[in-house]
Structures are given as structure tokens and as C-alpha cells.
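Asks: sharing a sequence plus its predicted fold:
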Amino acid sequence: MDISFPTSPTDGLTKSVSMMQSQFNQHQLWCVGFAKRLTALAEWLEHNKLADAAVYAEVNRLRYQLSSQQVMVAVVAEFSRGKSELINALFFAHYGRRILPAGAGRTTMCPAEMAWNPMLPVSIRLLPIETRKEAGSIAHWRVRPDAWITFTLNPEEPAEMAQTLHKVSEVQRVSVEEATRLGFWLPDGPNGERHLDNPVPDRLGQVEVPVWRHACINIPHPLLQQGLVILDTPGLNAVGVEPDLTMALLGQAQATLFILGADTGVTKSDLDLWREHLSHAAAAHIPRYAILNKIDTLWDDLKSPAEVTAELEKQCIDTAQLLSINRQSVVAISAQKGLVAKIQHDPELLARSGLLDLEAILGGHLVRERQSIIQQNCLSGMTRLQTSAARALERRFRDTTEQKNHIQSTVGKSAQTLEAMLASMAVEKAQVGRAGKEFGRLEEICLAGVNQALSYISTPSLKARMHAMSKAFSDRLLKIGLRQSYEETFDALQSDLHHCEAEMARLHSELLLTIKNINTLHGFAIALMSAPKLGGFADKLTNIRLSYLHHLEFTHSWRLLSHDYSERLVQTLCMQIRVIFESAHADIDTWTHSTVQVLETELMERKRSLAKRMAAVSGVQTSSADTDAQIAVLDAQLEAIRAQGRRLVALSKEMGSDLNAHAQQNLGV
Ligand SMILES: Nc1nc2c(ncn2[C@@H]2O[C@H](COP(=O)(O)OP(=O)(O)OP(=O)(O)O)[C@@H](O)[C@H]2O)c(=O)[nH]1
Ligand SMILES: [Mg+2]
């Protein structure tokens, strides 16, 4: 993959590869190495006829995982703390100027995601604010390209590009009625008092609202190219902030940077924001860094450097204490000086800005995060591939050995004996036929059990639960009892997952017992995969449950009085729950598919082996020279299978996993 910087007018700086990029590059190397080994394994499986449709599907899934894993970093803060400036300094200094608008007062008016998708033009896509009048969360609008307005960007013309990106700051004046329809005006309190968070109308009774609801900036950058997605957010305490943004996007982020001003310290509104969006249990699972920005405001020529450093350190310690995080998670920087230093190629100022420390932390974190996601997913997929290949090799080895034993047993046998052998094989054939029927029944049991398990997490059941919750959000006057409905729905969802897993475990025990009988009675060696575990999905559900809880607290309940707000909130919530249930469904489908495939392959291979043995006995020449030749061919085949086994062991080691000892022993390697 090409990881050079995009061409820009300040190429000098772009050549000084930052620490963050070099860490990402290391990870990229790891991914490339892993992808190469995956290709080697896939080719080897194909060459040795060990690949079937399930193997191809698994290989493609792993390739997709390697290429598409995104890591989202959300930059969150009150307005004017320097979020956009920090993004400029971290990612866009090589354009030689400020690219995202950053200025005093409220600047960024809509959440802006920066990512790189080579299939799309370099552009900014904007979702008009009017879409808030219609139902649908941002996730819903994402798949409606016609609703977005696209402006192309020219990376060769940074000034022009910056001007187009100013759109994220655009505002318009609308009547209070229109602002209410758009969700920027909260209803009056029960006694007619105006809500304090509402904007102040001008002389014409109009208020300012953003022009755009969401921005997606598609821009080439080495880090974005490698799956990093940066989310710039408007000051979060604003009225009308999308629940989609706060919940879904922050929930998706793998790291959050919470920006504070060293000039102001941690203010009450910073603390409110932290408590509301970032301190709850679900958010605490995501690495959070507090970035003490604008440290240049503490640089004071009248103080000694030691005094300035001590003052800064005290601020970092205080910040860590106030936010209840480690001191190591607080990073002091000056985004603005970092940007200037990069543009003016001033290494001293760059070091003083603290930006390099932040890049190092961020790079290291992202690499670890991305690598762990990939390792978890890819290594387990790789193990599945190796296990299925080993199983196929074992089967071949067993059949060839049996064939050889049969031929050896024909040596010097009379015609009557050979006939008797054929007769016994005919009996075996009938037996295999009967086993085939049992396999059919086994498949039926399997599919019926799976259907039963899936009924707990199926779309109709989920829809009914979601409907009940949506109703609770929209119906209740002053939302009394909403919390109870919310808890009840989540309890029910957890119990659905639990019942589904329990049914799969029951099915697994039943199948295991039947398979054991078939193995003993008909001489098969079928191995059943362990039942799918849904604990990971239950954990995700718990995280979602926790992350929305604070919306239901009394202090926030006034927001829920706005019908549009609560509708968007519940839509986002439902969408996240649906994703979990669909993933659980997909896992069970994969398990079912593989189980049925194992049964069918076992039966087919057994029939094939029996046919070969019958052919060998019927065509046997009593001359020992012919028998010797047949045995020599089979010996060569056995050696070839052993060699394949050794190669598989070696490939597994290269992949960082070991083929299980049982398979190695069976293959004699
Ligand atoms: N002195 C100093 N000023 C900074 C620094 N970082 C940002 N600023 C200034 O602070 C102001 C606000 O910066 P922005 O990047 O627009 O802040 P923001 O958090 O994105 O604000 P919103 O978009 O309104 O939510 C701008 O004038 C920046 O130039 C810094 O490190 N030092
Ligand atoms: Mg901004």
C-alpha cells in the first residue's frame, strides 16, 4: 500500500515522518505480513484441494477484516477549546495552512468526520439540517446518498480547500417555530418559563441554527488511508446536539480526546460535559485522554522555565484528579504553536508544543487497538481454516490407510475369499446408506434446533421489543416510568440472548450424543464444533444500556420532552441493538453452515473411499507383483499426505498458532 503523503505545496515537512505515522506503518507492516501468510495458506489449501466454499468465504472475510478495520478517534470538548486546531496540527499541517476553520466563539457547527475512501472523490459531503424534520438517525441518512450535497476538494489548492471546508461553520437565521421544528428550541417549562439553554432570538425573533447536520470529509492522508477516522465535534453543550452524535458516534469511537484549555482550567461546563458524555461506565471502557491545550498561554517570559513547568504539571495533576483519570492520560499541548511549528519547520517550537508527545501516545494506542481487534478476529478465523484443513487431511490419511490394508489383505486370497470381501463391503455400503439417512435426520435436528434458537433473537421478536421501547419513549407524560420500561426492555433483550445461547448449547449436546453413536456404529470420526457463545454480544448490550442511562436521569429528562429528540435517541438506540442481534444471528448461521458442511463432506468422502476399495478388490489380480505396485502407489499417497500435514504444521506456526496435537498425531507428523 502506498503510504506516502499526498502531494502538497509543503512537501519538505511531509517527508519528516511523524512518530504516529511510523507506529502506524509498523502496524501496516504487520498487516501486510499477515495478509501474505493468509494468501500463502489460501493458495496452498486450493492447490491441495482442501478448499471448499466455506474456506473461500472465511479467507475473503479475513481479507476484508484486514483491509477495512477502522479506528475512530473522537475529539470532544466545549466550544473554542481548540478541537479543530488540534486536528489541523495533527493531520493537515502539510498543507501549509489552517485547513479546518478554527476561531474564537462557536466555529464548528456540525460534527465532521474525516476519513479516506479511495472509491470516493476528495470531497466534503454535507447533510442539510432540514433532514432533522424527517424521521431517521444519521445512520439512516448515511445510506441515502441523494440526501447529501457534495463539494469536491482540490488538495493541490489548500486555500480553496480551506474555503470549502468553511461550510462546517455555516449558520442561518430562522424563526423560533422553524428552530423548534429543527430541534434547536426547547419547549417552555411546565409553568411557561423559557428554557435557559435556548438561544436568544434577535430583534426579528429569529435564532441562529446550523446549515448542515453532518459533514463527511473524504481526504487522502496516510493515517486516514490506513483506517483512522477522526471525528471533530461542535461544542457539545449546545442545544440541539444530535443524540446520534453523542451516543452512536462516541459509542463507536475507539478513543476520545477531551480537550481543555490551559488558560481556563477545568471549568464547570467542561466538567458537566465530561460527566454527561464521557465519565459513565460504558465510555470508561474506551481510552480517554484529557488534552490540556493552549499551554502557550502559560509561557511567561517573566517566569523561569522551571516555574512554568511546575505550574503546568500542577494543572495536569489537578485535571487528572478532577476527571478521575490517570496523570498519564493527561497531555499538555499547544495545538496552535504545534501547527505553526510544523508549517514554519521549527523543531524547537514543535518540541515545546507537546504535539509530538501526543502523536506518540495516539499512534501507540491506535496501533495496539487496531492490532488487537485484528488479532482477535483474524487469528480465530485462521484457526478455523487450519482445523478444517487438518480434518480433511486426517480423513484422506485414514481412507488411504484403509485402502492399503484392504489390498494387503487380498494378497494370496482365493477367489472365494475375495468374493466374501466384496460381500462384506456390500454390507458396509448398505450400512453407509443407512448412515446417510441418519445424517439426513441429524441435519433436520440441527436446523430445527437452530431455528428454535434463532426465534429468540429473530427480527419479529426484536421488532416487538423495540416497538415497546419506542412507545415508552414517545408516550409517557413527563416520561414517568420510562426508566422502568427501559430497564425491562434490556432485561428482556438479555434474556433473549441467554435463551438463544442455552438452546444452542442444548442442541450441541443432542448432536454430540447422536454423532458419538454414528461414529461408533458406522466407523465415522466426525468432530462437532463447540456451540457458539453469545457472551460477547451480551456484554455489548450491557455497554449500550449503560451508555444511554444518563439520558433518562431526571436532570436530562427535559430534553426527552422534545418529541424529535426522543425519537432520534430511540432510533439510534434501536439501530445499535439491531446491529448486535444481527451479528449474533450471523455467528449462528456460520456455525450451522459449517456443521452441515462437515456432515456432508464426511459422508461423501466415506462413499468415495468405499467405492475405491470395492473397485480395488473387484479388479484385483492375484499376482503379487500387481498388488505390490498398488501398495507402492498408496504408500506414495500416504507420504504425500504426511508431507502436506508437515507443511500445514509449518504454515500454522508461521501464522502464530499451533495445529492441535491430536491432528498432528493422526497424520503422523
Ligand atoms: N493560544 C492558543 N490558542 C489556541 C490554541 N488552540 C486553539 N486556539 C485558538 O482557540 C480558538 C478556538 O479554536 P477552535 O479549534 O476553533 O476550537 P474548537 O474547540 O474547535 O471550537 P468549536 O468548533 O467552536 O467547538 C481559535 O482562535 C484557535 O486559534 C492554542 O494551543 N493556543
Ligand atoms: Mg471546531
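Replies: Yep, it's here. Nothing here was measured: the structure is a model prediction, and the numbers come from that model. Ligands and ions are numbered 1, 2, ... in the order given.
Asks: is stretch 87-99 in proximity to ligand 1?
Replies: No: Stretch 87-99 does not reach ligand 1 (C-beta under 6 Å from any ligand atom); its nearest approach is 7.5 Å. For every residue, glycine as well, the C-beta is placed using N, CA and C.
Asks: pLDDT averaged over that stretch - what is it?
Replies: Averaging pLDDT along stretch 87-99 yields 92.
Asks: C-alpha coordinates for that stretch, CSV please?
Replies: The C-alpha trace of stretch 87-99 is given here as CSV (Å, rounded to 0.1, in the frame of the first residue of the first chain):
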residue,chain,number,x,y,z
ILE,A,87,-6.9,18.3,14.1
ASN,A,88,-5.2,20.8,11.8
ALA,A,89,-2.0,20.5,13.7
LEU,A,90,-2.1,16.7,13.8
PHE,A,91,-3.2,15.9,10.3
PHE,A,92,-3.2,18.8,8.0
ALA,A,93,-0.1,20.9,8.7
HIS,A,94,1.5,19.6,5.5
TYR,A,95,-1.0,21.8,3.5
GLY,A,96,1.0,24.7,4.9
ARG,A,97,-2.1,26.5,6.4
ARG,A,98,-5.1,26.1,8.6
ILE,A,99,-7.5,23.7,6.7
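Asks: for the stretch 451-600 of the chain, what lies in contact range of ligand 1?
Replies: Counting by C-beta under 6 Å from any ligand atom, the stretch 451-600 of the chain has no residue next to ligand 1.
Asks: kindly apply the preceding question to the stretch 1-150 of the chain instead.
Replies: 77, 79-85, 102-104, 106-108.
Asks: make it 5 Å
Replies: The stretch 1-150 of the chain comes close to ligand 1 at residues 79-85, 102-104, 106-108, as judged by C-beta under 5 Å from any ligand atom.
Asks: now the residues you listed in TSV, with neighbour count?
Replies: Shown next, in TSV, are those (neighbours: other C-beta atoms under 10 Å):
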residue	neighbour count
79	18
80	20
81	27
82	23
83	31
84	27
85	24
102	22
103	12
104	7
106	15
107	20
108	24
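Asks: of those, closest to residue 638?
Replies: The closest of those to residue 638 turns out to be residue 83 (C-beta to C-beta; 66.3 Å).
Asks: touching, the closest one and residue 76? I think so.
Replies: Yes: counting by C-beta atoms under 8 Å, residue 76 is a contact partner of residue 83 at 7.4 Å.
Asks: shared neighbours of these two, which are they?
Replies: Shared contacts of residue 83 and residue 76, defined by C-beta atoms under 8 Å, 6 or more residues apart in numbering, comprise 233, 259.
Asks: ok now the helix or strand hosting residue 445, how far from the chain's centre?
Replies: Using DSSP states H and E, residue 445 falls within helix 415-455. Computed by C-alpha atoms, centre = their mean, to the nearest Å, the chain-centroid distance of helix 415-455 equals 42 Å.
Asks: point out where the stretch 51-200 of the chain drops to low pLDDT.
Replies: Within the stretch 51-200 of the chain, the segments meeting pLDDT under 70 span 52-54, 64-65, 67-69, 188-193.
Asks: and the helices in it, which stretches?
Replies: Assignment of helices within the stretch 51-200 of the chain using DSSP state H, counting those that start in this stretch yields the ranges 53-68, 83-91, 138-142, 158-165, 176-182.
Asks: ranking those by burial, who's on top?
Replies: Most buried of the helices of the stretch 51-200 of the chain, by mean neighbour count (mean count of other C-beta atoms under 10 Å): helix 83-91, with a mean of 26.
Asks: tell me the angle of it relative to helix 158-165?
Replies: 140 degrees (axes from the mean of the first three to the mean of the last three C-alpha atoms, to 10 degrees).
Asks: who are the packing partners of helix 83-91?
Replies: Secondary-structure packing of helix 83-91 (3 or more C-beta pairs under 8 Å, 6 or more residues apart in numbering; DSSP states H and E): strand 71-76, strand 228-232, strand 255-261, strand 288-293, helix 335-343, helix 355-410.
Asks: got the angle for the first one vs strand 228-232?
Replies: Looking back up the chat, that one is strand 71-76. Going by the same axes, to 10 degrees, strand 71-76 makes 20 degrees with strand 228-232.
Asks: correct me if wrong: residue 158 contacts residue 98.
Replies: No: the criterion here is C-beta under 8 Å, and residue 158 misses it with residue 98 at 9.3 Å.
Asks: mutual contacts of these two, please.
Replies: Going by C-beta under 8 Å, 6+ apart, no residue sits against residue 158 while also sitting against residue 98.
Asks: looking at it, residue 58 is touching residue 383, isn't it?
Replies: No: applying C-beta under 8 Å as the test, residue 58 and residue 383 come out as separate, 10.4 Å apart.
Asks: make TSV from the helices of the stretch 51-200 of the chain and add distance to residue 115 to it.
Replies: Formatted as TSV, those follow (distance: least, C-beta to C-beta, whole Å):
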stretch	distance to residue 115
helix 53-68	12
helix 83-91	11
helix 138-142	12
helix 158-165	14
helix 176-182	27
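Asks: right, and those helices - which one's nearest residue 404?
Replies: Residue 404 lies closest to helix 53-68 among the helices of the stretch 51-200 of the chain, at 27.8 Å (C-beta to C-beta).
Asks: wait, what's in contact with the one residue in the stretch 251-400 of the chain that gets nearest to ligand 2?
Replies: Proximity of the stretch 251-400 of the chain to ligand 2 (C-beta to the ion) peaks at residue 259, 9.6 Å away. Going by C-beta under 8 Å, 6+ apart, residue 259 touches 75-77, 81-83, 86, 291, 293.
Asks: do the same with residue 267
Replies: Going by C-beta under 8 Å, 6+ apart, the list of residues near residue 267 reads residue 78.
Asks: what about it, distance to residue 314?
Replies: Residue 267 is 17 Å from residue 314, where distance means C-beta to C-beta, to the nearest Å.
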